[in-house]
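**Student:** Model the structure of this input:
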Amino acid sequence: MRVTSLSLPRCVDKTGERTLAVVTKSDKSPEGLLEKVTADDVNIGLGYVCFRNRIGDESYMEARDEGTKLFETHPLLSKMDKSIVGISVFA
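**Tutor:** Residues are numbered from 1 along each chain as shown. Here you go, the predicted model:
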């Protein structure tokens, strides 16, 4: 049996309506991310939230600002809907 990160929540949320998918380290692998979070092939009821993790000893505010800058300027990540990106959206 193959277990994936999206199949595990099905054990407790069979319909997916209470599932929120969190994508961390979006800056590390941006290729194809937009297509994955906008695809309608997996039932994620609460949708996706994507963010850039803190790096080193960044404060929360520094990480938030760097994440905002990343999702505004990166050639691929800047195409993502702003309602699903950033630490403040996740919080």
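**Student:** in this structure, what spans have low per-residue confidence?
**Tutor:** Per-residue confidence of the chain (counting by pLDDT under 70) places the weak regions at 1-6, 40-41.
**Student:** which stretches of it form helices?
**Tutor:** Assigned helices in the chain, in chain order: 33-38, 60-73, 87-90 (criterion: DSSP state H).
**Student:** Figure out which of these is closest to Arg18.
**Tutor:** Minimum separation from Arg18 across those (C-beta to C-beta) falls at helix 87-90, 16.3 Å. In this view, the C-beta of every residue, glycine as well, is placed from N, C-alpha and C.
**Student:** Check which helices and strands that closest one is in contact with.
**Tutor:** Using 3 or more C-beta pairs under 8 Å, 6 or more residues apart in numbering; DSSP states H and E as the contact definition, the elements that helix 87-90 packs against are helix 60-73.
**Student:** outside of the helix it packs on, which residues touch it?
**Tutor:** Outside helix 60-73, the residues within contact range by C-beta atoms under 8 Å, 6 or more residues apart in numbering are 26-27, 50-55, 58, 77-78, 80, 82, 85-88.
**Student:** Export the helices of the chain as a markdown table, with columns for mean neighbour count and distance to Leu46.
**Tutor:** As requested, those are arranged in a markdown table below (neighbours: other C-beta atoms under 10 Å; distance: least, C-beta to C-beta, whole Å):
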| stretch | mean neighbour count | distance to Leu46 |
| --- | --- | --- |
| helix 33-38 | 15 | 12 |
| helix 60-73 | 15 | 19 |
| helix 87-90 | 15 | 11 |
